[in-house]
Structure formats: C-alpha cells, structure tokens
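K.L.:
Sequence below, structure please.
(2 chains)
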2 protein chains.
Amino acid sequence: MNIEINLLNKFFRIIGENMDFKIINNGVISPKGFMANGYRNGKYGVGIIYSKRDCIAAGTFTTNKVVAHPVKLSKEILKKNRDNIRAIVVNSGNANCFTKDGYNDGKEMIKKTAEFLNIPEDSVLVASTGVIGRKMPMDIITQGIEKTHNMLKKEGNNNNFANSILTTDRFPKTIAIEFQVNGKKVRIGATAKGAGMIAPNMLHATMLSFITTDIEINPNDLKNSLQKSVDISFNNTIVDGDTSTNDTVFILANGESGIKYEECSNLFDKALAHICRELSKMIVMDGEGSKKIMEVLVKGCTSKEDAIKASKSVVRSLLVKTALYGEDPNWGRIAAAVGYSGADMDMGTMDIIISDYRREVYLVKGGNPIDNEADEDFKLARDIMKGDKIKITIDLKKGNYENIAYGCDLGHDYVKLNSEYTT
Amino acid sequence: MNIEINLLNKFFRIIGENMDFKIINNGVISPKGFMANGYRNGKYGVGIIYSKRDCIAAGTFTTNKVVAHPVKLSKEILKKNRDNIRAIVVNSGNANCFTKDGYNDGKEMIKKTAEFLNIPEDSVLVASTGVIGRKMPMDIITQGIEKTHNMLKKEGNNNNFANSILTTDRFPKTIAIEFQVNGKKVRIGATAKGAGMIAPNMLHATMLSFITTDIEINPNDLKNSLQKSVDISFNNTIVDGDTSTNDTVFILANGESGIKYEECSNLFDKALAHICRELSKMIVMDGEGSKKIMEVLVKGCTSKEDAIKASKSVVRSLLVKTALYGEDPNWGRIAAAVGYSGADMDMGTMDIIISDYRREVYLVKGGNPIDNEADEDFKLARDIMKGDKIKITIDLKKGNYENIAYGCDLGHDYVKLNSEYTT
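P.N.:
Numbering: from 1, shown residues only, chains lettered A, B, ... in the order given. Below you'll find the predicted structure:
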C-alpha cells in the first residue's frame, strides 16, 4: 500500500497544475452539511452519503446497452426529482446487473435507506459495483444498510465510506478541495472506486464516483459543469478497454456555503474538473495489477475527435501497455496505435516524444525516427522507460486540436486478478 | 509443439465443415509450377516463392496509416503490373517500417531477388514482418536471399519457407487443398504467419499470408474472390486488437492446371474461403501465449455491421479473454462486451449460449439469466469452460444478420512475450 501511495504523491506533485485552491481532508464529508459512513462484510460493502438538507443533484451514467438495475433506478429518480435529493446508497461486491429480481432488490435498498434516515424514497439515489449476473445477497446488503446507518447517526467517516465501495481496488480514492469566494469557503469533496472494466464511453459514461459540494447552484448549471469535467477526465481514462454496465458519477450540491455558482462559476468549473482529473489519475494508478501509468498527449490534430481517437488508441493498445510493463521504448507500437486509430495523420511529419517529467527524448522527429539501438537517444529512452510515470507526446502537426488520455501498463498481476477473480 | 498440433487437429476435426475438396501436403508449392524455399539465421529469416511462368496477382494490405515500406513497394508494383508476377520475397525479424532507408532497403531486396532468379524487378513482390523502427540488417537479408536462391535452384521446400517467415509464432501455418474439375486437378496452397499485433481492419487488412494456385483467372476475379475470403476470415480474427503496419495477403495464380475460373467459380471461391478461414484459426490458436480459442457467433442482428461489431467486441474484450484463460463462465463480461459494442440490442430478449462442441448450455435465455451459482446449468458451464476451444453464441433476436469472429485467451505467456520481446 505504501508504495502505491508514494507513487501517487510523486505523480501528483509532478504533473499536478498550479491551483487556486487548497487540498483538504475528509473527502465527501468535507463540504458543510454532508455525512457519510460505510461498512464492509468480507467481499460485500455498503456505504451511505447523507445530506442534512435537500440537494440539487446531477448524474452521468454508462452508455453500455447492458445496464445495471441501480443505473435504471437512479435515472428514473433524477428524471422526476433533481432538486430534493438527500442520500446515496452504494453497495460493492455485486453489480446488480442482469439479475432476475434486480430491479426490486435495488428498490429495496432505496426503501430501507429512506426508512432508516426518515426521508422520502424518491430522495435516495443508488449505485452498485461488483460481479454481473449474480443474485443480490439482500440479507447481507440490508444488514449493511442498518449497520452503516447506526454508525452514521453517531458520526461521519469518509474513510469507512471510501473503503466500503471498493472491489479489486488496492487503495481508496478520495480528494477534497476548498476555495474562497467573498471571504466564504466553498468545498468540493469526492470519492471514487474503479480498478478494472474501465473504458468509459466518451459521451456520458464513467466509473463509480461520488462528489459533494456546498455551493448553491441550479440543476442545469450543475449538470453542465459535471459533464464538462467528466469529458476531460474519466472519459479519457482506460484500464482495460471494457466499458462497464454500472458506470456512474453523482454530484450533490446543498448550498450550505452561502455562495452562489454565479459568483464563482469559472473557479467552480475549474475545481470540479481538477477533482475529476485527479480521481481519474488515481484510477489508472490503481488499474488492476498496474505498476506504471502513462499520460498520452496527442496534439496537432485536425479535429478534437481525432485527438481523442488517437490518444485513447495508444492508452488502450495491449502492445503499448505491455511495452510499458517491459520498460521498452518501443515507439513503433505507439506509432502503429496512432496509425490504426482512424485519426488523420501523416507518418512523414509526426513527432513522438517520451518523458519521465524530468527528461524527454524525441524518438521520432518530423517523421525521422531513431532506428538504431546504439543511438545515445535510444539509450536515454530506455532509461526514461524505467520510471513509474511516463508521458508520451505525439504531435501530428496537422491542426490545432489536442487531447490527453490516461492509461497504465498491463502485467502479470492483471492476468492473475482477472482470471482468478469473478468481477 | 505436439500439444498445439494436437489441439489444432482436434479443433479442425470438430468445427471443420463438410468439404468438396481434399487436404493435400506441401502448402504453397502444391499447385503446379510453384517453388519456394527459405533460410533462417537466428531471429532473421528470408523466404522466396517462385513461379516458373507469369502469374496473375492480387493483394490486400493493412489500413494502418503507419505503413511499412514493403507494403508501399508491393502496392506500387501491383498498380503497374498484376499480370506478370514471378516471385515474392519475404523477410522476418524486421518489419522495415518507419525506417530512414527502408524504401531503398525494400527495393534492394527486390533487386537482389530479381537478379538471382533472372526475372524483371517489377515481377517481384515483397513483404516483411518483425520489429518496427529498426534499420534493416541488409547484409543478413541479402545473404539470406542468396542462400534461399541456392536452395531453391535444387528443390522447393514448403517447410523451409513456412519456417522462414515466423516471428513469435510457435508453429508454422500451412495448408493446401485440391479439387477436381472436368477430370483435372486444381490446387490452392497457402502459408501464413501471425501470432501477435493481430486485429486486421475489416476492410482491407490482414496478417502475412501467401497463397498460390494453378487456376487460370483474370485479375479482377482473383481480387474479388480474395477480398471476399479475407472479409470472412482474417478480418474477423483478433489476438490483441492491434492492427499491424505490415499486414499483407498475396495470391498468385499461374494457370498451370488448365482449368479456367469460369468453369468452377463457386467451388474455387469456397475453397479459397476455406483456406483463409483455416489459416485464421491457426493464427488464433497460435495467438501469443494463448492456450484456448473461442469462436464467437453473434446472430439475430439488425445489420451485418452490427453483427461484426458485436462479435469482434467480445473476442477483443480483455475481460472475456482473461475469463477464458481462468475457465470462468463469466457471461456478464460477454453481455457487457456486446452492450458496449454499439450494436442494436435489448438485454431483455438476448440469449447467451456456451458450448465445447459436445455440450451446450444457455447462460441467458430470452433475457433470463442464470444468476445463481448453485444452478446445475452453471456447474455444466464451469465444466464446458475447461475445454480448449469454446463456442460462444449470442442471439440478439432483432434481425437476420450474423457474424463469426475468432479469438483466444489472454494469459501470463502473452504478457511475458510482449513485455520481454521487442516486436
């Protein structure tokens, strides 16, 4: 665990950007008026986020046509009610997807949570993560809701919540930030889970992520700000290229800060984007079995769509992922992945640069490759590839669009996890 | 080696179809008038196919925009001359792609081959396979051409040729068939290589494959027959989802059988399709590090495009591939891969059936899943997954289109090969 956390800190310190806000503790319970707790029972966990007053809510969901029951239920609730949300209940260990009684089981989770918290049923959102196609163990889940509620009555505990939603994750993923507007503090807190089955569709889908904030905001502004943030973060994150049936991002805003969105919309948007991007990096860092991460910038594209295609093609390529694992500066695999992405390109003009954020080397410059392993630059490239975090820059020199995608290596632990564990 | 060959034989015996033609020996040299030989020097190999008289030729090539020099050169030659082809020269160990002097190096291979064989330069096609972006070791290649030519003068040897073109392949891939028309024999022989970087684009691309035939045929018929065969075979074959920069299929027809294509066009098309499909199966069977193969039939689709999308999405899914490796009947991963493929579907009506070609079991029937691991059918499914070759059938019940894709598992050996070997 320590290794990963250190890696994570290094990663953030180096590629984090200058910020107008400060990092604070306590994740989803750092904004005023939010409580959360969670309980684990072996492979199953239950977590609850609760707001003392009504929240404006927004969500983005998977685009997979095989869709889990909690996604269906939460979409139905948000369609009717996005102004009076009070709680989110989450379980891990079972995705409640493609199950015979799944819809009723999801409804039962909502009903129990509403009863314990003494709030309306249509004020509770629900999410699940775990194995697909297995009947929900409702006795364990219901017991988990009761135990979590009993703890929640006494105190909020972000760590318990963050741990309760994990599956194959190696570490909890949580972040919170604070910024000042007219002398008052605004906070955004978040917790995510996700380690495998990750390749959110670029339009609407993500992994499980829960965000709370005490800003005062209307539903449309909240939805727009969330969608923009998700597009540049979770939707550019690939672990294995499989888009889940359960991907969900929820954001709840309770207005407790006394600051309106209109007073700080740019700053809020920027802060929310930062939150989502940092969670995305934590997710690739925790990519199942991964030891190294890559940030892939493709620039000089003739359209944004091409930049997305090309950057995601590189982070998805098994050959690039295994080269990263093998610490091999095999730029031919990178070039090939851009070449088959469908993006408009010309191999005669492209640049390929790799960097460990301290040093960088051109492997291809203006279409001119290093094709001799004895070259000094090739040796430097080998050395750079030994790093934990690699930045790959591809400049196609065709236009002005760019995109960044995040990915990780693929090693023996990925195979071990996914062949031995039923997700 | 014996294990793979046995596996291959079992696979063919069981899922092979009834044939109007017989399997014969000697691959590319079985049709009348063709010679071939090859020479290996460590990781490098050179192979030559030679025809005593002029051939009609056709080719299909990678759609990757990063394209190897031999592909460019062969396209140029076929554009000018598809009626008088006499030879193909191939090297393994270096892809001659994205190399500074690669175009001239490819031309030099052609020139040397033409000189030794005493034939025109524009009658020689060229192909390469191996690492991208490394200067060609032209001294070794030129020596290989000379040695191969010296052997070729004495005798043809299909095994030498088949071995000379391999890279990470575990076994050579060769097949030949014969059928009778009006009392005369027509033969088609073929040899392929391919074990990784395999996900041919559905329009024009494949791995390295060389086909010879003694039928008499015009260039357009030959091209059309080849394209149809490639579409239903190589273009539905995925090992790792990376489309190569060097994919090439060549077919040469020298007319020596005395039989015209017009006399047997249906039978010839069927025979060529069979050849391509069997080579495709050999390629997935030899998928880097793979131990098991899957045949994925998606039917009941509203369009052919949807059927292709859905079937290829399943064979490409890392989660399905690792479940196959782990012998886990994790049908949720299969359903999810169909769900995110983009194909028109409704999870409420779909069937998912797995089979080991002896027994079959419905894991989902009419949208109704087996969601209880204690179910007898679930136990049968576990047993079926222990087989070497698994057939997965998905019926979407929306329309009348279907497609079959071929894939393999992803295990530790894939990671080992691709992280330790520079391809």
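K.L.:
Chain A: helices as residue ranges?
P.N.:
Using DSSP state H, the helices of chain A run over A:2-15, A:69-80, A:102-117, A:138-154, A:158-164, A:219-232, A:265-285, A:304-316, A:318-325, A:331-339, A:376-384, A:412-420.
K.L.:
hey, least reliable of the ones you listed by pLDDT?
P.N.:
Among these, helix A:2-15 carries the lowest mean pLDDT, at a mean of 39.
K.L.:
What residues does the residue of the stretch 201-350 of chain A at minimum distance from chain B make contact with?
P.N.:
Closest residue of the stretch 201-350 of chain A to chain B, Cβ to the nearest Cβ: residue A:332 (2.6 Å). All C-beta atoms are positioned from the backbone trio N, CA, C, and that covers glycine. By Cβ atoms under 8 Å, 6 or more residues apart in numbering or on different chains, the contact set of residue A:332 is B:95, B:97, B:98, B:131, B:132, B:133, B:245.
K.L.:
Kindly recompute the last result at 6 Å.
P.N.:
B:132, B:133 (Cβ atoms under 6 Å, 6 or more residues apart in numbering or on different chains).
K.L.:
picking that back up, residue B:71 is nearest to which of the helices of chain A?
P.N.:
Evaluated with Cβ to Cβ, those place helix A:331-339 nearest to residue B:71, the distance being 11.7 Å.
K.L.:
List the buried residues in the closest one.
P.N.:
Across helix A:331-339, burial judged by 16 or more other Cβ atoms under 10 Å in any protein chain shown covers A:331, A:332, A:333, A:334, A:335, A:336, A:337, A:338, A:339.
K.L.:
max-length strand in chain A?
P.N.:
For chain A, the longest strand by residue count, based on DSSP state E, is strand A:44-61.
K.L.:
counting contacts, what elements does that strand pack onto?
P.N.:
strand A:34-41, strand A:85-94, helix A:138-154, helix A:158-164, helix A:219-232, strand A:248-253 (3 or more Cβ pairs under 6 Å, 6 or more residues apart in numbering or on different chains; DSSP states H and E).
K.L.:
and the angle from the second one to strand A:248-253?
P.N.:
Relative orientation of strand A:85-94 versus strand A:248-253 (axes from the mean of the first three to the mean of the last three Cα atoms, to 10 degrees): 150 degrees.
K.L.:
near chain B at all, strand A:85-94?
P.N.:
No - on the criterion Cβ under 6 Å from any Cβ of the partner chain, strand A:85-94 is out of touch with chain B, staying 9.9 Å away.
K.L.:
on contacts alone, who are the packing partners of that strand?
P.N.:
Using 3+ Cβ pairs under 6 Å, 6+ apart: strand A:85-94 touches strand A:44-61, helix A:102-117, strand A:124-131.
K.L.:
hmm, try it at 8 Å
P.N.:
strand A:44-61, helix A:102-117, strand A:124-131, helix A:138-154, strand A:208-213, strand A:248-253 (3 or more Cβ pairs under 8 Å, 6 or more residues apart in numbering or on different chains; DSSP states H and E).
K.L.:
From the chain's centroid, how far away is it?
P.N.:
Distance of strand A:85-94 from its chain centroid, counting by Cα atoms, centre = their mean, to the nearest Å, is 17 Å.
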